[in-house]
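Let me see the structure of the following:
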Amino acid sequence: MLIFINQVIKITRSIAAPGKFYPFIQGVGKTDIQKWEELVDRVIVPDFFHTSSPAPNFSEPSGPIQVIGEKSAVEQVVAQIKQTISSLEAEEYPIRGTDIGVSQPQLLIRNNYQIIREVFAETGCAVVIPPPHVAKAYIVGPSSNVADGLSAVLRKLEAYVTVTLDLCNPFKKAPNGAKIHAIDVVRHVQKTSQDKKIESDCDVHIAYPAHETFYDLTKPCHITIIGKNKDQTAAATQAVKMVFGAYTPNRISEIEVEPLYFKHILGKDGKGPKKIASATSVELLFPQDLEDDRIALVYEGPSTDEVEISEALEKAKEEIREIVKGQVEIVKKVLDIPQELHEKVRGERGTVINALNPSSVSVQFGAPKARFGRAAPEADSGVENTITLRGPPANVITVASNIEAFLEATKGQDIPIVVAENFEYPRQYSGNLIGSKGSNINKLRDDLGVDIRLDDGNGKITGVQVCVDAARKKLNAHLRELEDKAVITIKVPQQYHGAIVGSEGSTVRRLEERYNVRINFPKKTEDDGSRQGPDEIVVRGSKKGAQGASQEITELWKYEADNNHTATITVLGKSVGYMFKNASKDIKRLRDETSARIAFPQEDGNADPESTVEIRIRGTKKDVDHAKTVLSEIAQNAENTTARTISIEKKYHKFLIGPGGMTFSPFSGIWRT
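Model (predicted):
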């Protein structure tokens, strides 16, 4: 029998076109893309809403047009798209610009470019937003429609009400200056999403200055509130003044810290600032510039007393100093290297210096740069011919040595020679090395500028020699981790899972942190697709860590199992009181001398005397069995005890009791009841 297999060949084709044509290729609501995707797997036409250069020379789009799918269908769609591009080029769509306010580009951006999409749907004209320093909007479209597009944009922009506030005004007396204080306030409000709440509550948009203007200390800090009517903007303006204005200068302070210590302040999983905030009510605001050493501290507690606020800010600083105090020393080393060699050391997109600097030492080429909101430090003479390293002493020495060795090895090479080296690895780890959707290989390519091909245990690394060496080291380190990894499954009855998790996950978190492992419990939902059984706990990590955590989990649940035996005794409700009266010493001895925990029900005076109640016992099997035997005997005696009330005139009581109670005593054969 002959079997014919039709092999489907899928390809990806890219098409280059000016970005200004992209909206017209997409179609209104991207309907043209949807039409083409009925024939192929996918058609990618990136949005083109922005240009980094003014008209007529718009910047390049973010990526090419791509068509993905079966070969013949792709060719058909590509032909149609190229025909569309030819038609657009033949019509020579004009570009018209219109002046708009400083804040109005934010209107065009809001709600996923709603206005731009509406204008395109209504007039067939695209709207392109230029860079912040150009106060215009550009309209692109057929000659007959451009005027309508222009009118539509202006009409839609004018429909909004705007209010502009200068945030520097309320903070004129701030110790660090009004603009620096305003920058801290804006960043903190954005970090805590308080501005988003105002936008949501009042149905407005809050627009901030462009990045360069925002950090320029010579310019004001204008924010613009944009709404659909005066009532919305008025309510939002009041809310903005209240929220932003509440951060008075006494509530914000600063501390200068070596940036290389930031990771220690952040702590594991970034929980360090939360601990400081919990202890002091002070939030930390780290600089956006990784080389900036200024951390802003913002008091968020309930107090309005200036002394208490100042003490809280100082306490937060002390906690930061305490963290930093125990860290390794940071040193600086200056290498005399001509400026013309800096690009060689840096490499394309920083790939060479990444390879030479595996420990992430701070590297500064030439003169120090200006920081956000701060002037550049004064540079020494000749500093442009230096590379400055900053970090722990051993790491700085290593990086300095690497740079010098690299320059020596590539002497006479304007561009370092590209080499290709083979790389062998255990084939079972191919998927791990590549990563999900190639993530691991892509990261090495981006960081080190190398090309890596892996194929069933054989690979090839291509790039500059130092980058190839660095990539191989990272791959070997990853392999060692994979070879050291262990997955251990422990069978633990479900009733003990809670004890291993601990209160709010405290026990399992402690185990994960101590052994650097991941502990997975079975999902609670049925048929979740997982192969993990309902009584299985899976521990993942290094062999040593996984074994240590597994052993502790086993000991923990077995301890719980040994000490978690239970038993119940059913007795008459009336007997509980007799048990305490007649055998309290025996019950106390059980509690003192064994691990048994005994829970008696509360006595209910209104209950039926003949109703039954349960006594619960918990502890080791031996102690529970012993306690059950003893308590059962006591309960039996209590149930056999009866009480009868005899009425005797009071004048005879003293004769019945006798001298010193001798007549009415246990020794006389009469028990008190």
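
burial measure for Tyr247, as a count.
For Tyr247, the number of neighbouring residues by other Cβ atoms under 10 Å comes to 21. For the C-beta atoms, the positions are set from N, CA and C on the backbone; glycine is no exception.

And it, what's its pLDDT?
Per-residue pLDDT puts Tyr247 at 96.

what about it, is that helix, strand or coil?
Going by DSSP: H, G, I helix; E, B strand; the rest coil, the secondary structure assigned to Tyr247 is coil.

Spell out which residues sit in contact with it, please.
With Cβ atoms under 8 Å, 6 or more residues apart in numbering as the criterion, the residues that contact Tyr247 are 184-185, 188-189, 298.

Could you list the low-pLDDT ranges of the stretch 551-673 of the chain?
Residue ranges of the stretch 551-673 of the chain with pLDDT under 70: 581-582, 603-607, 609, 641-646, 651-673.

swap the cut-off to 50 and go again
665-673 (pLDDT under 50).

ok so, going back, neighbour-wise, which of the contacts of Tyr247 leads?
The residue in the contacts of Tyr247 with the most neighbours, by other Cβ under 10 Å, is Val185 (27 neighbours).

right, and it touches Phe171 too?
Yes. In this structure, Val185 sits in contact with Phe171. The criterion is Cβ atoms under 8 Å, and the distance is 7.5 Å.

tell me which of the contacts of Tyr247 is nearest to Tyr160?
Out of the contacts of Tyr247, the one with the shortest distance to Tyr160 is Val189. That distance is 22.2 Å, counting by Cβ to Cβ.

Does that closest one lie in a helix or a strand, and which?
In the assignment (DSSP states H and E), Val189 maps to helix 178-191.

And that helix, what does it pack against?
Here helix 178-191 is seen to pack against helix 211-215, helix 230-245, strand 252-256, strand 282-285, strand 294-299 when contacts are counted using 3 or more Cβ pairs under 8 Å, 6 or more residues apart in numbering; DSSP states H and E.

hang on, Ala400 packs against Arg390?
No. Ala400 sits out of contact with Arg390 when judged by Cβ under 8 Å, with a separation of 11.3 Å.

any shared contact partners between those two?
With contacts defined as Cβ under 8 Å, 6+ apart, the residues shared by Ala400 and Arg390 are Lys333.

In JSON lines: the contacts of Tyr247, plus distance to Leu444 and pLDDT.
Supplementary listing: those in JSON lines, determined by distance: Cβ to Cβ, whole Å; pLDDT from 0 to 100:
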{"residue": "Asp184", "distance to Leu444": "38", "pLDDT": "95"}
{"residue": "Val185", "distance to Leu444": "41", "pLDDT": "96"}
{"residue": "His188", "distance to Leu444": "37", "pLDDT": "96"}
{"residue": "Val189", "distance to Leu444": "39", "pLDDT": "96"}
{"residue": "Val298", "distance to Leu444": "39", "pLDDT": "97"}
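
How about stretch 73-81, which residues are buried there?
Residues of stretch 73-81 classed as buried: 73-74, 77-78, 81 (neighbour count, 16 or more other Cβ atoms under 10 Å).

Show residues contacting it.
Among residues not part of stretch 73-81, those counted as contacts by Cβ under 8 Å, 6+ apart are 11-13, 15, 25, 36, 39-40, 43, 65, 67-69.

Same question for stretch 349-365.
259-260, 291, 342, 344-347, 387-392, 395-396, 398-399, 402-403, 406, 416, 446-450, 463-464, 466-467, 469-471, 473.

mind listing what's buried in stretch 109-123?
The neighbour-count criterion (16+ other Cβ under 10 Å) identifies 109-110, 113, 115-117, 119-120, 123 as the buried residues of stretch 109-123.

An error on my part: the question was meant for stretch 159-175.
Buried residues in stretch 159-175, counting neighbours by 16+ other Cβ under 10 Å, are found at 160-163, 165, 167-168, 170-171, 174.

Out of those, list just those in strands.
Using DSSP state E, the members of those that fall in strands are 161-163, 165.

can you redo these as CSV with pLDDT and distance to Gly545?
As requested, these are exported to CSV (pLDDT from 0 to 100; distance: Cβ to Cβ, whole Å):
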residue, pLDDT, distance to Gly545
Val161, 89, 60
Thr162, 87, 58
Val163, 91, 58
Leu165, 94, 54
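
can you list those residues in a markdown table and add distance to Lys491?
What follows is these, written out as a markdown table (distance: Cβ to Cβ, whole Å):
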| residue | distance to Lys491 |
| --- | --- |
| Val161 | 67 |
| Thr162 | 66 |
| Val163 | 66 |
| Leu165 | 64 |
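
and of those residues, the nearest to Val146?
Distance from Val146 was checked for each of these by Cβ to Cβ. The minimum falls on Thr162, at 25.9 Å.

In contact with the closest one, which residues?
Thr162 makes contacts with 101, 103-104, 224-227, 233, as judged by Cβ under 8 Å, 6+ apart.

Can you name the residues bridging to it?
As for beta bridges, Thr162 partners with Ile226 under DSSP bridges.

how near is it to Gln83?
Shown here: Thr162 relative to Gln83, a distance of 44 Å by Cβ to Cβ, to the nearest Å.

what's the average pLDDT for the helix or strand harbouring Val153?
Under DSSP H and E, the secondary-structure element containing Val153 is helix 146-158. Averaged over helix 146-158, pLDDT sits at 92.

Against which helices or strands is that helix packed?
Using 3+ Cβ pairs under 8 Å, 6+ apart, helix 146-158 sits against strand 95-99, helix 104-123, strand 126-128, strand 136-140.

closest one to Ala367 among these?
For the helices and strands packed on helix 146-158, proximity to Ala367 was assessed by Cβ to Cβ; helix 104-123 is nearest, at 33.8 Å.

picking up where we left off before, out of the contacts of Tyr247, the closest to Lys136 would be?
Distance ranking of the contacts of Tyr247 against Lys136, using Cβ to Cβ, places Val189 first at 29.8 Å.

Wait, the closest one touches Asp195, no?
Yes. Using Cβ under 8 Å, Val189 and Asp195 qualify as a contacting pair, with a distance of 5.2 Å.

so what sits against both of those two?
Common contact partners of Val189 and Asp195 (Cβ under 8 Å, 6+ apart): Val243.

and His188, what does it touch?
When contacts are taken as Cβ under 8 Å, 6+ apart, His188 is in contact with 247, 252, 283, 285, 296, 298.

swap in Pro130?
Contacts of Pro130 were listed using Cβ under 8 Å, 6+ apart, and they are 50-51, 53-55, 136-138.

and the two most separated of those residues?
Using Cβ to Cβ, the pair of the contacts of Pro130 lying farthest apart is Ser53 and Ala137, separated by 15.0 Å.

The two - which one has more neighbours?
For Ser53 and Ala137, the more surrounded residue by other Cβ under 10 Å is Ala137, and the numbers stand at 26 against 12.

Any figure for the gap between the more buried one and Leu107?
Between Ala137 and Leu107 the distance is 10 Å, computed by Cβ to Cβ.

ok, now Gly435?
According to Cβ to Cβ, Gly435 and Leu107 sit 41 Å apart.
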